[in-house]
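I'd like to go over a predicted model; first the sequence, then the structure.
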Amino acid sequence: MSVDAIAVKMGSLHLANPAVLASGVQGSSLDRVLEALKFGAGAAVTKSIGPAPREGYPEPTMVEVEGGMVNAVGLPNPGAGKFSAELKKLEGKRLPVIVSVFGGDEGEFAQVVRALDGCDFAAYEMNLSCPHVAGVGTEIGHFPEVVAKVTRAVRGSTEKPVFAKLSPNTDRLLEVARAAVDAGADGLTAINSVKAFPIDAATGRQALWNGRGGLSGAAIRQIALRCVYDLREEFDVPIMGCGGVANWEDAVKFMLAGADAVQLGTSTLKGFEVFNDVNVGVISYLERKGMARLEDIVGAAHRGGLQAGQ
Ligand code: RRO
């Protein structure tokens, strides 16, 4: 089977394969994002970029827990001005880099997009869902009317494809997604991390400086699968599944639930080899099931599963 079988078309965003580096986990250096592409990622999302430089929270910002980790890094980023200078190194390369953006309101989102938009990258992901930074995360992403305003402002500031990264920490997932899609988002990413509060028994204290953080990794996979399934039931737009994808089988499950591509975050901390492992495994799965293309399995769980004999 040719590797073209796992190429992904999400509107005007075309990827060589469905294994995408998720935002954030690799830090705010663009070089790590480019390294993921060298290792075979189909695309790579940057750390979220806001209107001004931010230091992020003091240590500890990450703690390992059963089934994954909890982070509260606090959006460290160089700010849109400095990052646009760094993005100049992509000029003429047409790499599948997706820039994650955040802001405190629609004006800030638009400001960030206008500062970056002349650079050579493939798409935006609006971070509407950081679970633990006041003012820029769930205060936006849990409110459909705010999401609509932000999305309209971003849509009006760029011709590039725009994905909305959604929060699992609300029962308004579908309303929020509807607001984003109706206001012009081209696709959805589901999900950001799940709000958590790790405690250190040895010290009796909160394990993270910030106290509250975001749980990621295998522990949230079933939640993420449910979100992707619910979204695919309602929407015909491209969906990137994110949350606990660590191998080809996880990736396949997300696609069966309706994801066109998957994002890997926590699992990349063990090495970028995981992108190739996912792609090789997905190709073997398609071969075993007699499927010619990845699209043939996307959403199959909504259609009663794979056809008999496959
Ligand atoms: O920077 C963070 O602490 C962070 C962000 Br912006 C996010 O969207 N999700 C997350 O788990 N951590």
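Alright, I've got the coordinates. What you are looking at is a predicted structure, and each value in this text was computed from that prediction instead of being measured.

Which residues are in contact with the residue in the chain positioned nearest to the ligand?
Nearest to the ligand in the chain, going by Cβ to the nearest ligand atom, is G214, at a distance of 2.9 Å. In short, each C-beta sits where N, CA and C put it, glycine included. With contacts defined as Cβ atoms under 8 Å, 6 or more residues apart in numbering, the neighbours of G214 are V70, N71, A72, C130, P131, H132, N192, S193, V194, K195, A196.

Dig out what A44 forms beta bridges with.
Beta-bridge pairing for A44 (DSSP bridges): L21, V97.

ok, it - how many residues close by?
For A44, the count of nearby residues is 31 (other Cβ atoms under 10 Å).

Can you tell me how far it is from G299?
According to Cβ to Cβ, to the nearest Å, A44 and G299 sit 25 Å apart.

now swap in V133 and tell me
Per Cβ to Cβ, V133 is found 33 Å from G299.

Between these two, point out the one with more neighbours.
Remark: of V133 and G299, V133 carries more neighbours, 23 against 20, as counted by other Cβ under 10 Å.

and that one, which of the three is it?
Assigned with DSSP: H, G, I helix; E, B strand; the rest coil, V133 falls in the coil class.

Name the nearest residue to it, ignoring sequence neighbours.
L75 (5.3 Å; Cβ to Cβ, 6 or more residues apart in numbering).

Now do the contacts for the one you found.
Contacts of L75 (Cβ under 8 Å, 6+ apart): S48, G50, R54, G56, F102, C130, V133, V136.

Could you do M10 as well?
P161, D186, G187, P238, M240, D260, A261.

Tell me which entries of those residues lie within strands.
G187, M240, A261 (DSSP state E).

The second one contacts V20, correct?
Read it as M240. Yes: between M240 and V20 there is a contact under Cβ atoms under 8 Å: 6.2 Å.

Can you work out which residues contact both of these two?
Counting by Cβ under 8 Å, 6+ apart, the residues touching both M240 and V20 are A261, V262, Q263.

Kindly indicate the member of the residues you listed with the most neighbours.
Highest count within these by other Cβ under 10 Å belongs to Q263, 31 neighbours.

Could you tell me which residues of the protein lie near the ligand?
Applying Cβ under 6 Å from any ligand atom, one finds that the chain approaches the ligand through 24, 48, 71-75, 127, 129-130, 192-193, 214.

Any quick PyMOL command for the buried ones out of the contacts of M10?
To isolate the buried ones among those in PyMOL, judged by 16 or more other Cβ atoms under 10 Å, type:
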select buried, resi 161+186+187+238+240+260+261
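
re the thing from before, secondary structure and pLDDT for the contacts of L75 - can I get that in TSV?
Below are those laid out as TSV (DSSP: H, G, I helix; E, B strand; the rest coil; pLDDT from 0 to 100):
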residue	secondary structure	pLDDT
S48	coil	97
G50	coil	97
R54	strand	96
G56	coil	95
F102	coil	97
C130	coil	92
V133	coil	89
V136	coil	89
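
Let's see if you can find the most crowded of these.
F102 (30 neighbours).

List the backbone torsions phi and psi for it.
Here is the backbone geometry of F102 (degrees, to the nearest 10): phi -140, psi 170.

so who does it touch?
Contact analysis of F102 by Cβ under 8 Å, 6+ apart lists S48, I49, G50, L75, F109, V112, M126, N127, C130, V136, G137.

hmm, back to that, model confidence for the residue nearest to V133, exactly?
As predicted, L75 sits at a pLDDT of 96.

Generate a markdown table for the shared contacts of M240 and V20, with pLDDT as supplementary columns.
As requested, those are exported to a markdown table (pLDDT from 0 to 100):
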| residue | pLDDT |
| --- | --- |
| A261 | 98 |
| V262 | 98 |
| Q263 | 98 |
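
Closest to G281 out of the contacts of L75?
Checking the contacts of L75 against G281 by Cβ to Cβ gives S48 as the nearest, at 29.4 Å.

buried ones in stretch 208-221?
Residues of stretch 208-221 classed as buried by neighbour count (16+ other Cβ under 10 Å): L208, N210, G213, G214, L215, S216, G217, A218, A219, I220, R221.

In a helix, the fourth one, correct?
No: counting by three-state DSSP, one finds G214 to be strand, located in no helix.
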